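Chemist: Got a sequence here, can you build the structure:
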Amino acid sequence: MLTDYHNHLEKGELTLDYLKRFTDAAAERDIDHFGISEHAYHFYQTANILQNSWVNERRYYDMADYVSLFKKAWDADIDVKMSIEMDYTPGKHKEMEKFIQNYDFDYVIGSIHWVGDFGIDLAEFRREWEKRDLYATYSNYFGQVVTLAESNLFDIVGHLDLVKIFKYVPENEEFLLEQYDKATTALAQSKTCVEISTAGLRKPVGELYPDKRLLQMCFDKKIPIVLSSDAHFPEHVGADFNEAIALAKEVGYTSLMTFTKGERKEFPIG
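Modeler: Presented below is the predicted three-dimensional model:
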């Protein structure tokens, strides 16, 4: 059994033809459970959740069109899960919950891309890393992982240590492990699974998300996992899954979680 639950259509169009390029790629790579999880900030319906100039320029979809696309896909017997990737936004739990409950998602991904006004994974903000306190950024980032988990709004946390994307990583290992520990302790007490994402291999950091030490803590605390590619193009669907599977097995995982309309089932890793 293989999953690829984190994928985006934003580089193309919300059309059946474009969606089918992704699902065809998933079928070719023997991915049994495949889902699209478009960024929630693209949709007009999330304007009351996340607001900043970078996001506001990229809000151009309507959820009615998104839902309609999946209905067309299901009518055409295309096997695809409907999801959303929501920017976890502190102080907006009620708004996020209302949005999530308004739609019949198979699962919901919660991710952290913003630490205050700092878009940590955006090329436009890369120079900010030299201006900001690295340890404070990491502490605040993993502090948000804690409150994301405590919200219990999300089925999956996306790219758990995305904060390392540009290779800015604290040298103090004790500090880093403390951040990992607080995050995984909170996740273990929630319903939230962790994805092993191959997207980091295509980023400056050149590593899987999460770090092996962090994933080991997840396994030790019995946090379930899924596999994801975070593909923004069809050719990246299922990319480098051999490395993700090897890491999962190396730390001790033997199974993946799957989702269908919120129902969870665990299967052996394929």
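Chemist: Determine which residue lies closest to the centroid of this structure.
Modeler: Gly158 (2.3 Å; CA atoms, centre = their mean).
Chemist: wait, doesn't it sit right on Val108?
Modeler: No. Assessed by CB atoms under 8 Å, Gly158 is found out of contact with Val108, at 10.3 Å. From N, CA and C alone the C-beta is placed, and that goes for glycine too.
Chemist: A strand includes Phe259, no?
Modeler: Yes. Phe259 forms part of a strand when assessed by DSSP: H, G, I helix; E, B strand; the rest coil.
Chemist: Tell me what it is bridged to.
Modeler: Note on Phe259: beta-bridge partners by DSSP bridges are Arg264.
Chemist: Next one: Tyr103 from Gly262, what distance?
Modeler: Counting by CB to CB, to the nearest Å, the gap from Tyr103 to Gly262 is 11 Å.
Chemist: And those two? Which one has more around it.
Modeler: Tyr103 (15 against 12; other CB atoms under 10 Å).
Chemist: Please name the residues that touch the more buried one.
Modeler: Met63, Val67, Met82, Ile84 (CB atoms under 8 Å, 6 or more residues apart in numbering).
Chemist: one more time with 10 Å
Modeler: Tyr103 makes contact with Gln45, Met63, Tyr66, Val67, Phe70, Met82, Ser83, Ile84, according to CB atoms under 10 Å, 6 or more residues apart in numbering.
Chemist: now swap in Trp54 and tell me
Modeler: Neighbours of Trp54 in contact, by CB under 10 Å, 6+ apart: Tyr41, His113, Trp114, Asp117, Gly119, Leu122, Glu124, Phe125.
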